[in-house]
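# Sequence and computational prediction follow.
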Amino acid sequence: MEIAFLLIPLAVLLVFVILGGLWWAIQTGQFEDLEEEGSRILEQD
Amino acid sequence: MAKPLAASSANPWQGLDIQSEWERFSQRDASSAEVWTSHVWVDNMHCAACSGRIEQTIKQQRGVLAVQASAASKRVRVVWDAKQTSPSHWFANLNEIGYPALPLNEYSAISDRTVQQRKMLWRLVVAVFCMMQVMMYAYPTYWSDSNDMAPDMVQLMKWASWVLTLPVMLFSATPFLSQAWASIKQRQLGMDVPVSLGILAAFVMSTLATFAPGGWWGDVVYYDSLTMFVSFLLIGRWLDVKLRNRTAGALENMMRRLPHAVLKKNAAGEWVQIAATNINVGDVLYVRPGEVFAADGLILGGSTSADESMLTGESEPVMKPAGAKVIAGSGNLTSAIEMQVEQVGEGTQYHALVNLMASASTEKPGIALLADKVAQPFLWAVLLAAIYAVFYWWNTDPAKAIMSAVAVLVVTCPCALSLATPAAMLASAGTFAKGGVLIRRLQAIQAISEVDTVVFDKTGTLTENVQQVTLADSHPDWDSQWLLDVIASMSRDSLHPVAQALHGFALQHDAQDQLPMQDWQEIVGGGMSAIFHAPNGALLPVKLGNAEFCGVRDEVEGEALRQVYVTTGEITLVRLTLSEQVKPHAKAAISQLIANGLDIQLLSGDRIAPVKNLAAQLGIQRAFGLQKAADKLQHVKLLQQQGRKVLMVGDGLNDGPVIAAAHTSIAMGSGVPLTQAQADMVVLGNDIGVLVSLISHCQKTILIVKQNLLWAALYNAAGVPLAIMGLLPAWLAGLGMAASSLLVLLNALRLTDWNKSDWQKGQA
C-alpha cells in the first residue's frame, strides 16, 4: 500500500492540471453556446 | 425615384471619425491614450477563410496594430492607433473586400455579462470537481473500521482533502463569505451569514483535526460536507446568473432592432450611407422593403405598407401612402420609399415602448429579499442557540462548549432549509421544460400557484394566427370554380396575410392560380384589381378587396372579423368571410379553469363585436375590445389594486408592458422573442390546455416546498436541543444535515412526474 503515498499526491496534482484545462475551456467560451455549434456543420457557408 | 448609388465618392463611414462616435464601440487602451480597441460586427463572415482574409487585409493598414476576427461570433476586434488612422479607413477597407461592417455599440455591456457568467461557472466547476475528489478520500473512512487503515494513510487522505478544499474555500465560496461580511457590516442578517458561519466553522474544525489531531476539537474532518454544500449552493447561483443574462440580452436585442446604418440624401442629392446615430431631424432617408425604419418621419416619395405590430398591436400591415407617418422600429414591407425624419432617438414612440418595458420589469419585488425576510427569525434563533450552548457549557467544559456551538451551527446549517425551495422549483422547472414549458423566473411557480384572475390576450393565444376563410355567398350566374381560380390568381403574388389566407383557401378548393390576367395591381389597404378573360370571352375588370375598395356596402357582422368582396362593376361575384379560429382545447381549458375557481377575462385590440362573440363561445364573462397596450396595462393595474393576483397570458409584443406589470405571466409560443423574455413562463406548442395542468402542478410544487420547509423545521427543532445538550457530536450533526438534504431532494423529485393532458380526465 506504500504506493498510495505517491499516487494520492499525484492525483491531487492531476486535479489541478485538469482544472487548468477546464479554466481554459471556460475562458475561451466553450460552454457559452451548446446548441448552435452542433448544427453549424449543417449550414451553408 | 433616383436609386441610391452603389458606391458613393465620399467615404460613407466618415461619421464614425469623431471620438464621441467611436467611443461607443471602442475602449481606450490602458497603456496609451491614442490606442483604441474596437469591436465591429461583420454579418457575412461565415467561415475561417473569411476571418483569415479580413485579418490579413486590415493588418496591412497603417496604424492598425492587431486584428482578431471570429467567424463563430461574426465579430472583429481591431486595435488601432488614433494618431495614424481613423475608423473610417478600415471600415472602408472592409467594405472594399466585400465585408461591410457595423460598429458593435453595446459591446462593453455584453462583455461584462460574459465575464460575470464565466466567473460563476468557473467557481462552480472548481467546487464540483474538488468535491468529487474529496468524496473519493472520504469514502474509505466511511466504510472502514478504525483498525482497517493505517493511521498515516488516514492522515494522508486528510491532507489531500485539505489541499483540495482550499480552492473551494478561497475561491468558490467567496461570494457567500463576502456577502455575509457585507450584510454583517450593514447590521442585517441574511441567509449568507449562517451559511458562512457553518462553512467557516466546519473548515476551521477540520483543519485543526487535520494538523493537530487529538485536541478538544477531536479528529473528525468535514471536508466532504463542506465542499458538497458549497457546490449545491453554487449551482443555484449559476442558474440565477444565466437567467438574468438572458433577460438583459433580450432587452438589448430589442434595442438593436433599429438599423445601424441608413442611406441619407446629401446636399448634392446623392445617397450616402451614414451611421444611424448621426440621423438628424429633417434628413431624407431611403428605406428599402424588408428594412426597419430608423426614425419617426413622413413619407416623401413612394407608397408602401408597414408592419407596426410590435408597436401598436395591429396585426395587419398598415397602408403608408406618400405623406403618411411612419414610426421607428416598424418594418417596411412592400416597396422602397423616401422619408423625411421628424423624430430621432429618445423622442420616438419606439424608445418610449422600450423604456416602458424596462421600467415595468424593474417594478417587481425581488424574491431574494422575501426569502431573507422569512429566514430572518430563524437565523436569529440559530445564532442565539449557538451562543446559549457556549454559555451553558463554558464553566464546566470549554471544549464541549465550542463543540456544541459548532454542532448547532452544523446541524442547522441551512442546507435543507436553503435547498427546500430551489430543489422543488428546479425539479418542476426541469419537468416543465421537457413538456414544452420554459420557466424564466423560478419564483413564477409560486406566483402562478397563487393567482385568482387570468387575463387572456386574444389573437394567437385563444385563437389561431391564421385567419379562417369561409365562402359567404357567390353569384349564381357565374361558374364558382372559375371564380375560385380568379381569387387564387389575384391573391397569388401579394404578401398581405389576408391575401395569403385567400390564396390558401382557393387552392384547398382545387383552384388553379395561373389564370391569364392583365394590369394586376395591388392598392395598399384596399385590395387588388386585374383584368380577366371571362368564360364567355369578354374582357372583365375584377376587383378583390374590402367593401370600400370594391364600392359596395360592408356587411360584416357577428363573429366575423371582416369581409372580402370580389366585384366587377356593380355586381358582387363572391363574398368571403374572414374569421378567427378558436384553438383546439380552448373551450374545455377555459371551462376547467373556471371550474377551478379562477376568474377569466379577455382583453383584445380588435373590434368589440368579434371579441364579445369569442368570449361567449368560450364561456368567458368579462371581455373587452379595442384595448391598446396602455389600456391593458391600466386594466391589469386596476385589478391588482383590488387585491387580485393576475396571471397575464399573451403573445404579441404590445403585451410586453402588461406582461411585465402583471403578478405573473405566460407567453404562448408564437409570440415574438422579447415578450417571451419578459414573461415568466413560455408555453411552446400553442396548446392552451397546458395552462390547466400547469397551474395545478405549480400548486403541487408549492405544497412540496411547504412539506420540505416543515421537515427542515422539525429536524431543526429536534436537532438543536440535542446539540445544545452536547448529546449530538459534530459528525452525527453532519450526517443529519446530509440526510435531511437528501430527504428534501427526494421529496422534490416527486415533482418530475407531470402529465400535460391530465386535466382532460376530469372533463369527459
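Yep, it's here. Numbering: from 1, shown residues only, chains lettered A, B, ... in the order given.
# Check what pLDDT residue B:105 gets.
Note on residue B:105: pLDDT of 61.
# Kindly report the same for residue B:367.
Residue B:367 is assigned 41 on the pLDDT scale.
# what does the one 3 residues further on give?
Residue B:370 carries a pLDDT score of 48 in this model.
# and the nearest residue to residue B:17 once chain neighbours are set aside, what is it in contact with?
Using Cβ to Cβ, 6 or more residues apart in numbering or on different chains and skipping the chain neighbours, the partner closest in space to residue B:17 is residue B:86 (4.5 Å). From N, CA and C alone the C-beta is placed, and that goes for glycine too. Residues near residue B:86 by Cβ atoms under 8 Å, 6 or more residues apart in numbering or on different chains: B:16, B:17, B:22.
# Compare the residues you listed and tell me which is most surrounded.
Most neighbours among the contacts of residue B:86, by other Cβ atoms under 10 Å in any protein chain shown: residue B:16, with 23 neighbours.
# Count the residues that sit near the closest residue to that residue other than its chain neighbours.
Distances taken as Cβ to Cβ, 6+ apart place residue B:87 nearest to residue B:16, at 4.4 Å, with adjacent residues excluded. If you count neighbours by other Cβ under 10 Å, residue B:87 ends up with 25.
# distance of residue B:87 from residue B:58?
11 Å (Cβ to Cβ, to the nearest Å).
# Does residue B:335 belong to a helix, a strand or coil?
coil (DSSP: H, G, I helix; E, B strand; the rest coil).
# ah, wrong one, I meant residue B:588
When classified by three-state DSSP, residue B:588 comes out as helix.
# Tell me the residues of the stretch 1-150 of chain B that contact chain A?
B:46-47, B:72, B:114, B:117-118, B:121-122, B:125-126, B:129-130, B:133, B:137, B:150 (Cβ under 8 Å from any Cβ of the partner chain).
# circling back: turn the contacts of residue B:86 into a markdown table, including pLDDT and secondary structure.
As requested, the contacts of residue B:86 are exported to a markdown table (pLDDT from 0 to 100; DSSP: H, G, I helix; E, B strand; the rest coil):
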| residue | pLDDT | secondary structure |
| --- | --- | --- |
| B:16 | 71 | helix |
| B:17 | 75 | helix |
| B:22 | 77 | helix |
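# Can you read off the pLDDT for the residue nearest to residue B:16?
pLDDT recorded at residue B:87 is 84.
# List the contacts of it.
Applying Cβ under 8 Å, 6+ apart, one finds that residue B:87 lies in contact with B:13, B:16, B:17, B:22, B:26, B:38, B:80, B:103.
# what's the neighbour count on the last one?
When neighbours are counted by other Cβ under 10 Å, residue B:103 registers 23.
# For residue B:63, see how far away it is.
From residue B:103 across to residue B:63, the span is 18 Å (Cβ to Cβ).
# Repeat that for the second one.
Remark: distance between residue B:16 and residue B:63 (Cβ to Cβ) = 15 Å.
# Point out where chain A drops to low pLDDT.
The model of chain A has pLDDT under 70 over residues A:35-36, A:40, A:43-45.
# Please list the residues of it that sit near chain B.
Within chain A, the residues that sit near chain B (Cβ under 8 Å from any Cβ) are A:1, A:4-5, A:8-9, A:11-12, A:15, A:18-19, A:22-23, A:26-27, A:29, A:31-32, A:37, A:40, A:45.
# Just the buried ones from those?
Taking 16 or more other Cβ atoms under 10 Å in any protein chain shown as the criterion, what is buried in the residues of chain A next to chain B is A:8, A:12, A:15, A:19, A:22, A:26.
# now what about the helix or strand that the first one is a member of, what contacts it?
By that I understand residue A:8. Using DSSP states H and E, residue A:8 sits in helix A:4-27. Contact partners of helix A:4-27, identified using Cβ under 8 Å, 6+ apart, comprise A:31, B:118, B:121-122, B:125-126, B:129-130, B:133, B:137, B:153, B:156-157, B:160, B:163-164, B:167.
# Now that helix - C-alpha only, PDB.
Extracted in PDB, the C-alpha atoms of helix A:4-27 (Å, rounded to 0.1, in the frame of the first residue of the first chain):
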ATOM      1  CA  ALA A   4      -0.700   5.300  -2.300                       C
ATOM      2  CA  PHE A   5       1.700   7.800  -0.700                       C
ATOM      3  CA  LEU A   6       2.900   8.500  -4.200                       C
ATOM      4  CA  LEU A   7      -0.400   8.200  -6.000                       C
ATOM      5  CA  ILE A   8      -2.500  10.300  -3.800                       C
ATOM      6  CA  PRO A   9      -0.300  13.400  -4.100                       C
ATOM      7  CA  LEU A  10       0.000  12.700  -7.800                       C
ATOM      8  CA  ALA A  11      -3.800  12.500  -8.100                       C
ATOM      9  CA  VAL A  12      -4.100  15.900  -6.300                       C
ATOM     10  CA  LEU A  13      -1.600  17.400  -8.700                       C
ATOM     11  CA  LEU A  14      -3.600  15.900 -11.600                       C
ATOM     12  CA  VAL A  15      -6.800  17.600 -10.300                       C
ATOM     13  CA  PHE A  16      -5.100  21.000 -10.600                       C
ATOM     14  CA  VAL A  17      -3.900  20.200 -14.100                       C
ATOM     15  CA  ILE A  18      -7.400  19.200 -15.200                       C
ATOM     16  CA  LEU A  19      -8.800  22.300 -13.500                       C
ATOM     17  CA  GLY A  20      -6.300  24.300 -15.600                       C
ATOM     18  CA  GLY A  21      -7.800  22.700 -18.700                       C
ATOM     19  CA  LEU A  22     -11.300  23.500 -17.600                       C
ATOM     20  CA  TRP A  23     -10.300  27.100 -16.900                       C
ATOM     21  CA  TRP A  24      -9.000  27.300 -20.500                       C
ATOM     22  CA  ALA A  25     -12.200  25.800 -21.800                       C
ATOM     23  CA  ILE A  26     -14.400  28.300 -19.900                       C
ATOM     24  CA  GLN A  27     -12.400  31.300 -20.800                       C
END
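# List the residues that contact residue B:292.
Contacts for residue B:292 (Cβ under 8 Å, 6+ apart) come out as B:257, B:258, B:259, B:328, B:329, B:330, B:331, B:332.
# how about a cut-off of 6 Å?
B:259, B:331 (Cβ atoms under 6 Å, 6 or more residues apart in numbering or on different chains).
# Could you pull up phi and psi at it?
Phi and psi for residue B:292, reported as degrees, to the nearest 10, are phi -100, psi 140.
# What is the three-state secondary structure of residue B:682?
strand.
# wait, isn't it in contact with residue B:667?
Yes. Using Cβ atoms under 6 Å, residue B:682 makes contact with residue B:667 at a distance of 4.9 Å.
# Chain A contacts on the stretch 151-300 of chain B?
Within the stretch 151-300 of chain B, the positions lying close to chain A (Cβ under 6 Å from any Cβ of the partner chain) are B:156, B:160, B:163.
# can I get those residues in JSON lines with pLDDT?
Shown next, in JSON lines, are those (pLDDT from 0 to 100):
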{"residue": "B:156", "pLDDT": "90"}
{"residue": "B:160", "pLDDT": "93"}
{"residue": "B:163", "pLDDT": "95"}
